[in-house]
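Asks: Fold the following, please.
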Amino acid sequence: MEREEDSLSARPALETEGLRFLHVTVGSLLASYGWYIVFSCILLYVVFQKLSARLRALRQRQLERAAASVEPDVVVKRQEALAAARLKMQEELNAQVEKHKEKLKQLEEEKRRQKIEMWDSMQEGKSYKGNAKKPQEEDSPGPSTSSVVVKRKSDRKPLRGGGYNPLSGEGGGSCSWRPGRRGPSSGG
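Replies: Residues are numbered from 1 along each chain as shown. Sure thing, here's the model as predicted:
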């Protein structure tokens, strides 16, 4: 029995010595390389997350490819839906084209009507310029026609003469620029 008690009492001493040794080695390891271990664990976690997301996406794509190749009905339905969407878009575009053509026809009819009115007024001996501008001014939302004073271009005088060219160097008066001499600066 004494042998059993000695062996039992010896075991805890070995275990405490082992724990003490483990505590010392792990403690010195963490003291020396603790921050490196922490940062490497964080880096491994981030890399693992990125790789697992990519692997999931890759598996998903493979499953979709397998499902698409296995089920031709799905492919046919997708193509039919795509064709229907294209047809709908083409119909909308055709409707817009028809509206635009109708608008152009209306504008052309309005211009033709104005020309006829102008011709009739000229035949009667009236001025056609005033009559032609009235419908345009009525359509435009702006200030009233009585407060607007229209200046004609012929009343304005030009700012410079017709033969003025700023790059020619002529007609500049006292403001002519000449480049300086090339060569070493003179001065003593």
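
Asks: So which elements touch the lengthiest helix in the chain?
Replies: Assignment by DSSP state H gives helix 2-70 as the longest helix of the chain. Packing partners of helix 2-70 (3 or more CB pairs under 8 Å, 6 or more residues apart in numbering; DSSP states H and E): helix 72-124. Any C-beta I mention is one placed from the backbone N, CA and C, and that applies to glycine too.

Asks: Check which helices and strands the helix it packs on is in contact with.
Replies: Against helix 72-124 (3+ CB pairs under 8 Å, 6+ apart) you get helix 2-70, helix 128-139.

Asks: at 7 Å what do you get?
Replies: helix 128-139 (3 or more CB pairs under 7 Å, 6 or more residues apart in numbering; DSSP states H and E).

Asks: Quick one: mean pLDDT for the longest helix of the chain?
Replies: Taken as a whole, helix 2-70 has a mean pLDDT of 82.

Asks: what inclination does that helix have with respect to helix 72-124?
Replies: In terms of direction (axes from the mean of the first three to the mean of the last three CA atoms, to 10 degrees), helix 2-70 departs from helix 72-124 by 50 degrees.

Asks: quick check: domain ranges of this structure?
Replies: 8-70, 72-125 (the TED database).

Asks: Select, out of the ones you listed, the one closest to G180.
Replies: Minimum separation from G180 across the domains of the chain (CB to CB) falls at domain 72-125, 61.4 Å.

Asks: how near is V38 to K101?
Replies: Distance of V38 to K101, given as CB to CB, to the nearest Å: 73 Å.

Asks: If you could redo that for L63, that was the one I meant.
Replies: For L63, the distance to K101 - CB to CB - is 50 Å.
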